[in-house]
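Enquirer: Structure of the sequence below:
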Amino acid sequence: MTDQLTTSGPSRPAGAGAAAAPVGRGHRTDDQAKTRPRRTRRVGPIVRHAILIIASLVMIYPLLWMIVSSLRPNTEIFRNPGLLPISFNTENYVNGWNALSQPFSHYLINSTLLVLGCVIGNVIACSLTAYAFARLKFWGRNIAFAVMLMTLMLPIHVVIVPQYIMFSQTGWVNTMLPLILPKFLATDAFFVFLMVQFIRGIPRELDEAARIDGCGHFRIFFRVILPLMTPAIATTVIFTFMWMWNDFFGSLIYLTTPDNFTVPLALRAFLDSQGTSDWGAMFAMSVLSLVPLFIVFLLGQRFLIRGFATTGIK
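Expert: This is a model prediction of the structure:
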């Protein structure tokens, strides 16, 4: 018996086979637990993208409806809320172009002149003011900067009456001077604040190196600071262009004769409160007026993103 026990080899403990089976099942459950997070990781982005696509379609629906309505007759514009036109009517663009006292190109030129003047004024005045707040040390700088930021909280309706009285006494009503001249005085505090934050992110060692070479403040600004402010300047140009191109209230206050109308006032002329409004022509000209906005935004989109991204870096 002793020889048989010693030569038979090591015996396997009882229950070893039973214990081996659950181990295999445990490995299967671990694999299943690992695959579940992978599935959720795949489903999550799909759901988010689907929600974003649906929300974007809801937001872009009015624009698409306006484009489609510009190709419909006036009798079908408000009868069909869908995006599939029954019949195309390209005459709305021809009629809208020549519907007013001047061709619509006249109002596009007026808006272009207004926007160019405002853009040049904001870029020059706001950049110089921002450099003074960010780099120069003078008495009352912090107080003046705080007062400037407080003007952001004032609605335009508070200051429009004294401004109108002032410009009326100078004889500038029915001209573009009341809309362009304030831009050369750095009245847009938002752009000044934007450029101040951007200039503060530029190392002062560059100013010191330029000062060692004999540069004064103006040469430092034009040769060192201004070339580095391309994102902030592009942001100012884009927002100024968009705001002034779509400005209706200011143009309505100061521009009285139809020859001086800008695009928003010309579009308002298509609506008649007492007679029949030419909706098709108005939608057609609205589509044309949106083309410059899309072009400017698409060309300056990357500068716009860089401007906001680099402004927050300290």
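
Enquirer: C-alpha only now, for contacts and for neighbours.
Expert: OK.

Enquirer: Would you indicate which residues of stretch 220-235 are buried?
Expert: Residues of stretch 220-235 classed as buried: 220-221, 224-226, 229, 231-235 (neighbour count, 16 or more other CA atoms under 10 Å).

Enquirer: Kindly export stretch 200-220 (C-alpha atoms) in CSV.
Expert: Below are the C-alpha coordinates for stretch 200-220, written out as CSV (Å, rounded to 0.1, in the frame of the first residue of the first chain):
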residue,chain,number,x,y,z
ARG,A,200,-1.4,92.3,-21.3
GLY,A,201,-0.6,88.8,-22.6
ILE,A,202,2.3,90.1,-24.7
PRO,A,203,5.7,89.9,-22.8
ARG,A,204,7.0,93.2,-21.6
GLU,A,205,10.5,92.1,-22.5
LEU,A,206,9.7,93.0,-26.1
ASP,A,207,8.9,96.5,-25.1
GLU,A,208,12.1,96.8,-23.1
ALA,A,209,14.2,95.4,-26.0
ALA,A,210,12.7,98.0,-28.3
ARG,A,211,13.2,100.8,-25.8
ILE,A,212,16.9,99.8,-25.6
ASP,A,213,17.1,100.3,-29.4
GLY,A,214,15.8,103.8,-29.0
CYS,A,215,12.1,103.3,-29.7
GLY,A,216,9.5,105.5,-28.1
HIS,A,217,5.9,104.5,-27.3
PHE,A,218,4.6,105.1,-30.9
ARG,A,219,7.3,103.1,-32.5
ILE,A,220,6.9,100.3,-29.9
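
Enquirer: Show me the helices in the stretch 201-314 of the chain, by range?
Expert: For the stretch 201-314 of the chain, the helices defined by DSSP state H, counting those that start in this stretch cover 204-212, 217-220, 226-228, 230-245, 249-254, 263-268, 279-299, 301-311.

Enquirer: what would the ones you listed look like in JSON lines with distance to I165?
Expert: What follows is the helices of the stretch 201-314 of the chain, written out as JSON lines (distance: least, CA to CA, whole Å):
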{"stretch": "helix 204-212", "distance to I165": "44"}
{"stretch": "helix 217-220", "distance to I165": "36"}
{"stretch": "helix 226-228", "distance to I165": "36"}
{"stretch": "helix 230-245", "distance to I165": "22"}
{"stretch": "helix 249-254", "distance to I165": "11"}
{"stretch": "helix 263-268", "distance to I165": "22"}
{"stretch": "helix 279-299", "distance to I165": "31"}
{"stretch": "helix 301-311", "distance to I165": "37"}
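
Enquirer: Show me the one of those that comes nearest R79.
Expert: Across those, the minimum distance to R79, taken as CA to CA, is reached by helix 279-299, at 12.8 Å.

Enquirer: rewinding a little: minimum distance to L84: which of the helices of the stretch 201-314 of the chain has it?
Expert: Between L84 and the helices of the stretch 201-314 of the chain, the tightest spacing by CA to CA is seen for helix 279-299, at 15.6 Å.

Enquirer: so that closest one versus helix 230-245, what angle?
Expert: Between the axes of helix 279-299 and helix 230-245, defined by axes from the mean of the first three to the mean of the last three CA atoms, to 10 degrees, the angle is 170 degrees.

Enquirer: Any idea how far helix 279-299 is from the middle of the chain?
Expert: Using CA atoms, centre = their mean, to the nearest Å, the distance from the centre of helix 279-299 to the centre of the chain it belongs to is 16 Å.

Enquirer: CA-only coordinates of it in PDB, if you can.
Expert: Coordinates of each C-alpha in helix 279-299 appear next as PDB, following Å, rounded to 0.1, in the frame of the first residue of the first chain:
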ATOM      1  CA  TRP A 279     -42.500  90.100 -49.100                       C
ATOM      2  CA  GLY A 280     -40.800  88.100 -52.000                       C
ATOM      3  CA  ALA A 281     -38.700  91.100 -53.000                       C
ATOM      4  CA  MET A 282     -37.800  91.800 -49.400                       C
ATOM      5  CA  PHE A 283     -36.700  88.200 -48.800                       C
ATOM      6  CA  ALA A 284     -34.700  88.200 -52.100                       C
ATOM      7  CA  MET A 285     -32.800  91.400 -51.100                       C
ATOM      8  CA  SER A 286     -32.300  90.000 -47.600                       C
ATOM      9  CA  VAL A 287     -30.600  87.000 -49.000                       C
ATOM     10  CA  LEU A 288     -28.300  89.200 -51.100                       C
ATOM     11  CA  SER A 289     -27.500  91.400 -48.000                       C
ATOM     12  CA  LEU A 290     -26.400  88.300 -46.100                       C
ATOM     13  CA  VAL A 291     -23.800  87.400 -48.600                       C
ATOM     14  CA  PRO A 292     -21.100  89.900 -47.400                       C
ATOM     15  CA  LEU A 293     -21.700  88.800 -43.800                       C
ATOM     16  CA  PHE A 294     -21.100  85.100 -44.700                       C
ATOM     17  CA  ILE A 295     -18.000  86.000 -46.700                       C
ATOM     18  CA  VAL A 296     -16.400  88.100 -44.000                       C
ATOM     19  CA  PHE A 297     -17.200  85.600 -41.300                       C
ATOM     20  CA  LEU A 298     -15.800  82.600 -43.200                       C
ATOM     21  CA  LEU A 299     -12.600  84.400 -44.100                       C
END
